[in-house]
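Novice: Build me a model from this:
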Amino acid sequence: MVMNKKDIEHQIYLLKIAKLIFKLSINLKSFVHSQKDICLNQNFIFYVFGKHSLKPKELIFKDKEQEKYASSAFEHSASFLMILQMDELLNKIIGKEVNKNPQSEIKEARLIIKFLRNAFAHNPYSPEWKIKNEKNYPKKILAIENIMTLDITNIT
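Specialist: Numbers count the residues shown, from 1 in each chain. Below is the predicted model:
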């Protein structure tokens with residue numbers, strides 16, 4: 001199902017938001033890792049989102065290690081979010097069907113994004129590369145020139 005121009009523009013807008021979150025995660029991680037002491041703890045009053053609330057003591061990092069771990073996990077999550085949003089945009093533009101033997105860069109990008117998305121989907125913090133029926137993928141090295149390459153030769 002190919003979307004109309006307005007819907008595609010909205011998906012591109014959402015991808016731009018995911019990109020901003022990814023940039024924020026990198027900046028936050030860099031900042032946190034460059035500080036000697038815990039730097040994110042503030043004098044929180046409380047946090048409320050809908051019916052969910054947290055007390056100030058629930059928002060405070062216990063030590064620098066915890067803060068570093070959280071900022072690294074945020075960057076990892078932001079990467080996954082961007083991959084999911086790219087996948088959704090490509091779903092809307094060219095459909096969900098993935099060409100297993102891509103002959104164009106856009107179809108190769110589609111397959112790379114799908115492999116990345118699938119690696120994260122079932123275990124986001126420990127992605128697993130699995131390809132069922134690898135013989136269905138005759139092209140073993142996927143590439144988008146000057147952007148990325150994915151070698152699926154030994155992924156099973």
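Novice: Nearest spatial neighbour of Ile45, chain-adjacent residues omitted?
Specialist: Leaving aside its chain neighbours, Ile45 sits nearest to Pro56 (6.7 Å; criterion: CB to CB, 6 or more residues apart in numbering). Backbone N, C-alpha and C define where each C-beta goes, glycine included.
Novice: okay, now the one you found: neighbour count?
Specialist: Under the neighbour criterion other CB atoms under 10 Å, Pro56 is assigned a count of 13.
Novice: Would you mind measuring from Ile26 to Ile8?
Specialist: Relative to Ile8, Ile26 is positioned 27 Å away (CB to CB, to the nearest Å).
Novice: same deal with Arg110?
Specialist: 15 Å.
Novice: so Ile60 touches Leu54, yeah?
Specialist: No. Using CB atoms under 8 Å, Ile60 is not in contact with Leu54, being 10.3 Å away.
Novice: who has more neighbours, these two?
Specialist: Taking other CB under 10 Å, Ile60 and Leu54 do not tie; Ile60 has more neighbours (15 against 12).
Novice: Next, find the distance separating the residue nearest to Ile45 from Asn41.
Specialist: Taking CB to CB as the measure, Pro56 and Asn41 are separated by 9 Å.
Novice: same question, Glu58
Specialist: If you measure Glu58 against Asn41 using CB to CB, the figure is 12 Å.
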